[in-house]
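Asker: Let's see this in three dimensions:
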Amino acid sequence: MDQQDYLAKFWLVIGHIPEGKVATYGGVAEMAGYPRMARAVGRCLKTLPEDSNLPWHRVINAKGMISFPEGSPQYQCQRQRLEDEGIIFRNNKVPLTQHLWLGD
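Answerer: Numbering: from 1, shown residues only. The predicted structure is shown next:
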């Protein structure tokens with residue numbers, strides 16, 4: 001399996017996550033046609049250039065939480081971007097029943 005193939009598909013899916021919605025790493029992998037490759041989605045996002053327009057901040061973990069350490073600058077940035085889009089947090093979790101995007 002060529003890494004470029006699945007990276008391109010991950011980016012395509014992430015690029016389609018609508019404002020005000022989130023997807024999980026596993027959900028992105030599944031929608032891209034690579035189930036059980038959630039960690040690869042995380043690695044893919046780590047390599048994004050600083051000036052990328054991809055809405056990386058809309059990808060969170062399966063518990064509805066931001067994966068960066070709480071309180072870190074990256075955590076604060078991601079949370080702020082999500083809140084700016086109207087996404088709410090309860091106990092540092094995004095209520096997935098309200099905000100999860102499943103590709104529809």
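
Asker: now the longest helix seen in the chain: mean pLDDT?
Answerer: For the chain, the longest helix by residue count, based on DSSP state H, is helix 3-16. Mean pLDDT, helix 3-16: 92.

Asker: and it, how far from the chain's centre?
Answerer: Taking the mean of its C-alpha atoms, helix 3-16 sits 12 Å from the chain's own mean (Cα atoms, centre = their mean, to the nearest Å).

Asker: packing partners for the next helix-or-strand element following that helix?
Answerer: Using DSSP states H and E, the helix or strand that follows helix 3-16 in sequence is strand 23-24. The contact analysis (3 or more Cβ pairs under 8 Å, 6 or more residues apart in numbering; DSSP states H and E) places strand 23-24 against strand 59-60. (Glycine included, C-beta is placed from N, CA and C.)

Asker: Against L100, how distant is the nearest residue to P55 once chain neighbours are set aside?
Answerer: Take P55 and drop its neighbours on the chain: the residue closest to it by Cβ to Cβ, 6 or more residues apart in numbering is I17, 5.7 Å away. Distance of I17 to L100, given as Cβ to Cβ, to the nearest Å: 10 Å.

Asker: for N91, same thing?
Answerer: With distances taken as Cβ to Cβ, N91 is found 17 Å from L100.

Asker: coming back round to it: quick one: buried residues of the longest helix of the chain?
Answerer: By 16 or more other Cβ atoms under 10 Å, the buried positions in helix 3-16 come out as 6-7, 9-11, 13-14.

Asker: And that helix, what does it pack against?
Answerer: Using 3+ Cβ pairs under 8 Å, 6+ apart: helix 3-16 touches helix 25-31, helix 38-46.

Asker: Switch those helices over to a markdown table; also include distance to P55 and mean neighbour count.
Answerer: Conversion of the helices and strands packed on helix 3-16 to a markdown table gives the following (distance: least, Cβ to Cβ, whole Å; neighbours: other Cβ atoms under 10 Å):
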| stretch | distance to P55 | mean neighbour count |
| --- | --- | --- |
| helix 25-31 | 11 | 22 |
| helix 38-46 | 11 | 17 |
